[in-house]
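K.L.:
coordinates only, sequence not included:
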C-alpha cells in the first residue's frame with residue numbers, strides 16, 4: 001500500500017479524466033480508480049454503492065472520510081458541504097453517516113464528490 005504523503009502528492013496531479021471506469025452503478029474517474037487501487041480502498045466505493053439510491057437522488061454529493069481518535073473512521077455523505085462548519089452544524093445536509101470500526105486507509109481525512117453518477121476527486125471537478 002502507498003504511504004499518505006505519496007498518495008496525497010499523486011492525487012493532486014489528477015485534473016479531469018481520460019476515461020471512465022465502471023464500478024457497480026457508478027463511473028469512476030482515473031483519479032478515483034488510482035485511489036482505490038493504491039490505497040486498497042475499494043471498500044469505500046462499496047459503501048457509496050450501498051447507498052446509491054440515497055446518493056443518486058442528489059445532483060451533487062460531497063463524501064467525507066474522517067479518522068477518529070480511536071483509529072476508526074466515519075463516512076459522511078452531504079448534499080452540500082461547507083468546510084468551515086462542523087459535522088454537527090451540517091445535519092440538514094447530511095444524507096448518510098456510517099461508522100467504520102477499522103481501516104488501514106492511509107489519510108487522516110479525505111473528501112471527494114459524486115456528481116451525476118460519477119465519483120471523482122476534487123481536483124477532477
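P.N.:
Noted; the coordinates are in hand. Worth saying up front: this structure is predicted, and the values here are computed from it rather than measured. Numbering: from 1, shown residues only.
K.L.:
Low-confidence regions, this structure specifically.
P.N.:
81-85, 90-91 (pLDDT under 70).
K.L.:
Please, where are all the helices along it?
P.N.:
Counting by DSSP state H, one finds helices in the chain at the ranges 4-11, 30-38, 42-50, 52-55.
K.L.:
quick one, the third one and helix 30-38 angle?
P.N.:
For helix 42-50 and helix 30-38, the angle between their directions (axes from the mean of the first three to the mean of the last three Cα atoms, to 10 degrees) works out to 130 degrees.
K.L.:
how about the helices of the chain in TSV, adding distance to residue 86?
P.N.:
From N, CA and C alone the C-beta is placed, and that goes for glycine too. Shown next, in TSV, are those (distance: least, Cβ to Cβ, whole Å):
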stretch	distance to residue 86
helix 4-11	23
helix 30-38	25
helix 42-50	22
helix 52-55	22
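K.L.:
So which of those helices is the most surrounded?
P.N.:
Ranked by mean neighbour count, these are led by helix 30-38 with a mean of 20 (mean count of other Cβ atoms under 10 Å).
K.L.:
now it and helix 4-11, what's the angle there?
P.N.:
Here helix 30-38 runs at 150 degrees with respect to helix 4-11, directions being taken by the same axes, to 10 degrees.
K.L.:
So which elements touch helix 30-38?
P.N.:
Counting contacts by 3 or more Cβ pairs under 8 Å, 6 or more residues apart in numbering; DSSP states H and E, helix 30-38 packs against helix 4-11, helix 42-50, strand 118-120.
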